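Visitor: From the sequence below, what's the structure:
(2 chains)
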Amino acid sequence: MEAAEIHRRLRDKLGNAVEPTLQDGDWPACEVRAAAVAEACRFLRDDPDLRFDCLSNLSAVDRKAADQIEVHYHLFSYAHRHQVVVKASSPRLDPVLPTVSNVWPIANWLEREAFDLMGVTFVNHPDLRRILMPEDWVGHPLRKDFVEPEEYHGISTRRESLLKI
Amino acid sequence: MSTAGIEIGLERETPAGLETEEMTLNMGPQHPSTHGVLRFVVKADGEVMRRAIPDIGYLHRSIEKISEKVGYHGFMPYTDRVDYVSAMQCNQGWAMACEKLASIEVPRRGEYCRVIACELGRIASHLISVGTTGMDIGAFTPFTHALRERERINNLLEELCGARLTFNYMRIGGCAWDIPPGFVKRASEFVEQFEPLIDEYNELISFNKIYVERLANVAIVPAEMAIAWNLVGPNLRGSGVKYDVRKDVPYSVYPELEFDVPVGTGERGTLGDSYDRYMVRMNEMKESCRILRQALGGIPEGPVIAKVPRTFKPPPGEVYVRVEASRGDMGWFVVSDGTAFPARTHIRTGSFSAMAIIEELSKGLMIADLVAVIASLDIVAPEVDR
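Guide: Numbers count the residues shown, from 1 in each chain, chains lettered A, B, ... in the order given. Predicted structure coming up:
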């Protein structure tokens, strides 16, 4: 199905929670209000003409200039072989989005990764804890303003330049 | 990643009648059959697993963060480390993402070099996969045979780019070096000698009764489940879904080359079992030989790399590029803000989703089958953690 048609159907369903313009490209993107993400995703998966049965990727982007964390959901349909991106933004101070782990099971780990590295809280996630970093790590390393700690459990993260030695 | 001990508490369940106790076992992070450094917390009732909880992050090297510090050209050697068992396709994924951001066209000879390098890499990676599958379930000989052939591919790739494992062969806009003299002849010889060996492996292990019984009907993944968990590549095709990025979202010169997409058929058990996933890899090596034969015979003249400025500043935008790596559809999400450094890179790999599904698959399996399942899903730990 054409991306414009997907966008139109999503707007028919969710109204003003979906931005009126479709961002064009290889992966056309619909911008959705943060609170409506789960509903949008469920509709995109369940509608028989859309059938987005696969969450191909979930990425969080730190838009520091806009003071927002942007989350991209790359959806792909094996049934109809079409693709679309759902985009949602949330304030950088405390980014909160509804979980889609009950829509696609793989979202469980992808959301844990976004939580771990970017600090996005996914409401109603069944098991939201760090996945890649140690559990006692402080901060979210992929944030633009993350400062690497001097040491971790007595292990220094600094070292002399090899050229000086 | 958990820092210390087994943090998941021991729950006791007492079913009516016989009193049994659930056992919590730790497997890994250092374990010869875990394909890298990864860990499972296994909750078992006797020999039967209730579930195996994967614990990842032991090989997390923050490759995505590094990309934000080293710039577009400088990141190429790091992409090798995303999946060091088949680094060529990682090179290609990064190169394709950058080329798409800046609308660069790769010369045709460069594309042919890429396809040849990638398909050699795919055979090498599948050899490791099928070899270790044998080793994990107790057949050591096939592994030595597989490594013997892989060594020859490593020699060929060393001729091409000077490295045997972390190639750093591709560049934004093409490849770093042209094909060396005599390479086409030696590579063709390899293909001719290697293809009959696949049948030999099949005779040696694939149809061996013990081998079949260890893999058939174990950890069945139906097609809908594979799609919902975003399994990709041979794992997805093992469940009977005919989907290959090279065919369905064509890139490079793959549309000009003739090859089939092998899928699982449930020939020895049920569709989507471990044996199907294993067999898809065996058949894919044959298809790679077919691609190599055509590509080696049709290399066009010309440059291998397009002119790309040394300070590479793609216009602002975001791309999501998918390549068919050895472990399937690998997604490269790159955000550019117009500077010489990417604003964000996210690499979505095949092993990540394969690792996520294990908790679901392990329910009701024998403990001894866990390594067979890991092997049949072809999990490579660095690719999970990045």
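Visitor: Enumerate every residue touching residue 139.
Guide: Since you didn't name a chain, this refers to chain A. Taking C-beta atoms under 8 Å, 6 or more residues apart in numbering or on different chains as the contact definition, A:Gly139 lies against A:119, A:146-147, A:149. All C-beta atoms are positioned from the backbone trio N, CA, C, and that covers glycine.
Visitor: ah, I was thinking of chain B
Guide: Applying C-beta under 8 Å, 6+ apart, one finds that B:Ala139 lies in contact with B:205, B:208, B:211.
Visitor: Which pLDDT value goes with it?
Guide: We have a pLDDT of 81 for B:Ala139.
Visitor: I'd like to know how far it sits from B:Ile379.
Guide: As for B:Ala139, its distance to B:Ile379 is 19 Å (criterion: C-beta to C-beta, to the nearest Å).
Visitor: would you list every one of the helices in chain A?
Guide: Secondary structure of chain A (DSSP state H): helices at A:3-14, A:37-46, A:107-118.
Visitor: Single out the most deeply packed of the ones you listed.
Guide: Relative to the other members of the helices of chain A, helix A:107-118 carries the highest mean neighbour count by mean count of other C-beta atoms under 10 Å in any protein chain shown, namely a mean of 23.
Visitor: Can you name every helix or strand that that helix contacts?
Guide: On a contact count with 3 or more C-beta pairs under 8 Å, 6 or more residues apart in numbering or on different chains; DSSP states H and E, helix A:107-118 meets strand A:54-63, strand A:121-123, helix B:350-361.
Visitor: Show me the one of those that comes nearest A:Arg158.
Guide: With distances scored as C-beta to C-beta, the stretch of the helices and strands packed on helix A:107-118 nearest to A:Arg158 is strand A:54-63 (24.4 Å).
Visitor: Pairing partners for that closest one, with directions?
Guide: The strands beside strand A:54-63 in its sheet (DSSP bridges) come out as strand A:68-76 (antiparallel).
Visitor: Between helix A:107-118 and the strand it pairs with, find me the angle.
Guide: With axes from the mean of the first three to the mean of the last three C-alpha atoms, to 10 degrees as the basis, strand A:68-76 and helix A:107-118 are set at 150 degrees to each other.
Visitor: So for B:Lys69, what's the pLDDT?
Guide: According to the model, B:Lys69 scores 87 on pLDDT.
Visitor: Just list the residues touching residue 43, thanks.
Guide: Using chain A. Applying C-beta under 8 Å, 6+ apart, we find A:Phe43 in contact with A:10, A:13-14, A:50.
Visitor: Can you look at chain B instead?
Guide: B:Lys43 sits next to B:8, B:22-25, B:49-53 when contact means C-beta under 8 Å, 6+ apart.
Visitor: and if you look at B:Thr265?
Guide: Applying C-beta under 8 Å, 6+ apart, one finds that B:Thr265 lies in contact with B:240, B:271, B:276.
Visitor: one more time with 10 Å
Guide: With contacts defined as C-beta atoms under 10 Å, 6 or more residues apart in numbering or on different chains, the neighbours of B:Thr265 are B:238, B:240, B:271, B:276, B:279-280.
Visitor: swap in B:Gly121?
Guide: Under the criterion of C-beta under 10 Å, 6+ apart, the neighbours of B:Gly121 are B:83, B:85-92, B:153, B:157, B:167, B:169, B:288, B:325-326.
Visitor: Can you add mean pLDDT and distance to B:Ser336 and give the helices of chain A back as TSV?
Guide: Listed next are the helices of chain A as TSV, based on pLDDT from 0 to 100; distance: least, C-beta to C-beta, whole Å:
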stretch	mean pLDDT	distance to B:Ser336
helix A:3-14	82	22
helix A:37-46	88	25
helix A:107-118	91	18
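Visitor: Quick one: those helices as TSV, columns for distance to A:Arg159 too.
Guide: Written out in TSV, the entries for these read as follows (distance: least, C-beta to C-beta, whole Å):
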stretch	distance to A:Arg159
helix A:3-14	49
helix A:37-46	42
helix A:107-118	24
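Visitor: Those: which one's closest to B:Ile116?
Guide: Each of the helices of chain A was checked against B:Ile116 via C-beta to C-beta, and the shortest separation belongs to helix A:107-118, namely 33.6 Å.
Visitor: before we move on, the earlier item: among the contacts of B:Gly121, which lie within helices?
Guide: Using DSSP H, the members of these that fall within helices are B:87-92, B:153, B:157, B:288.
Visitor: Can you turn the buried part of the contacts of A:Gly139 into a PyMOL selection?
Guide: In PyMOL, a selection of the buried entries from these looks like this (16 or more other C-beta atoms under 10 Å in any protein chain shown):
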select buried, chain A and resi 119+146
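Visitor: so which of the contacts of A:Gly139 comes closest to B:Ile305?
Guide: Of all these, B:Ile305 sits closest to A:Phe146, with 35.4 Å by C-beta to C-beta.
Visitor: B:Leu292 touches B:Ile123, doesn't it?
Guide: Yes: in this structure, B:Leu292 sits in contact with B:Ile123. The criterion is C-beta atoms under 10 Å, and the distance is 8.1 Å.
Visitor: Now do the shared contacts for the two.
Guide: Residues touching both B:Leu292 and B:Ile123 (C-beta under 10 Å, 6+ apart): B:190-191, B:194.
Visitor: Contacting chain A as well, which ones from these?
Guide: Of the entries in these, not a single one is placed beside chain A under the rule of C-beta under 10 Å from any C-beta of the partner chain.
Visitor: picking up where we left off before, adding mean pLDDT, distance to A:Val100 and mean neighbour count as columns, could you present the helices and strands packed on helix A:107-118 in JSON lines?
Guide: What follows is the helices and strands packed on helix A:107-118, written out as JSON lines (pLDDT from 0 to 100; distance: least, C-beta to C-beta, whole Å; neighbours: other C-beta atoms under 10 Å in any protein chain shown):
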{"stretch": "strand A:54-63", "mean pLDDT": "90", "distance to A:Val100": "7", "mean neighbour count": "24"}
{"stretch": "strand A:121-123", "mean pLDDT": "90", "distance to A:Val100": "8", "mean neighbour count": "17"}
{"stretch": "helix B:350-361", "mean pLDDT": "89", "distance to A:Val100": "14", "mean neighbour count": "24"}
